[in-house]
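> Have a look at this prediction, sequence included:
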Amino acid sequence: KAGVTQTPRYLIKTRGQQVTLSCSPISGHRSVSWYQQTPGQGLQFLFEYFSETQRNKGNFPGRFSGRQFSNSRSEMNVSTLELGDSALYLCASSLAGQNGEPQHFGDGTRLSIL
Amino acid sequence: SQQGEEDPQALSIQEGENATMNCSYKTSINNLQWYRQNSGRGLVHLILIRSNEREKHSGRLRVTLDTSKKSSSLLITASRAADTASYFCAVNDYKLSFGAGTTVTVRA
């Protein structure tokens, strides 16, 4: 079974631009969560999608948004990029996103803002 | 926040030695999970322990949970160079809340 696939692996953008990251979950998994990882703040939850609906959201500004398609693939978008958005963005999938389900992570997209 | 907090922040050991790291959390939990992250990669789920369990084993990994002290520990026995990674505990409410992690370096 293929794992969680995130594309692209690396991305360089400049301030003010916008970016879209993609995540393909494990086949059959319907819950997709996104995390931001930085050296200073660690791993922070962005949002979770289940059956094309955002089910939970972390404390990030509205510049961070996402969506999920009918095949469970998910995208996240960051608009008006700031230097502080430089981070590793991780996507994780699970069958239903229930408490206690292991999350399966992709290798992330490394986003660098110049 | 129920965020897990790992201790120590970093650990350096010789190959073959055991590595122990601890995790503390703040409120009641249903379960606690441990993950490993190799440099530049995603997190890999290692083990889940439920609140009614005290100890769990998986290969060279041993996890304990003390709900009265709101703490858990992860023991890696007979460490190998491939165990070099960051280790995170995570607790669940509607999302996984991770601590800052313990960076383990296994020297050959």
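Perfect, I can see it now.
> where does chain B come near chain A, residue by residue?
Counting by C-beta under 8 Å from any C-beta of the partner chain, chain B comes close to chain A at B:30-31, B:33, B:35, B:40-45, B:48, B:50, B:88, B:92-101. Glycine gets a C-beta too; all of them are placed from N, C-alpha and C.
> Show me where the chain has its strands.
Just so you know, I chose chain A. Applying DSSP state E to chain A gives strands spanning A:5-7, A:10-13, A:19-24, A:31-38, A:42-50, A:53-57, A:64-68, A:74-78, A:87-94, A:104-105, A:109-113.
> could you do chain B instead?
Along chain B, counting by DSSP E, strands occupy B:5-7, B:10-14, B:19-24, B:31-37, B:43-50, B:55-58, B:61-66, B:71-76, B:85-92, B:96-98, B:102-107.
> Would you mind saying which of those lies nearest A:Val32?
Proximity to A:Val32, assessed across the strands of chain B by C-beta to C-beta, is greatest for strand B:96-98 (13.1 Å).
> Provide the contact partners of that closest one at residue level.
Contact partners of strand B:96-98, identified using C-beta atoms under 8 Å, 6 or more residues apart in numbering or on different chains, comprise A:33, A:42-43, A:45, A:92, A:103, B:1-4, B:33, B:35, B:88-91.
> for stretch A:67-87, same thing?
With C-beta under 8 Å, 6+ apart, stretch A:67-87 has contacts from A:13-25, A:29-30, A:32, A:34, A:36-38, A:46-47, A:49-54, A:63-66, A:89, A:91, A:93, A:111-113.
> Of those residues, which qualify as buried by neighbour count?
Buried subset of the contacts of stretch A:67-87 (neighbour count, 16 or more other C-beta atoms under 10 Å in any protein chain shown): A:13, A:19, A:21, A:23-25, A:29-30, A:32, A:34, A:36-37, A:46-47, A:49-50, A:64-66, A:89, A:91, A:93, A:111, A:113.
> Since that was my last question, I'll sign off now.
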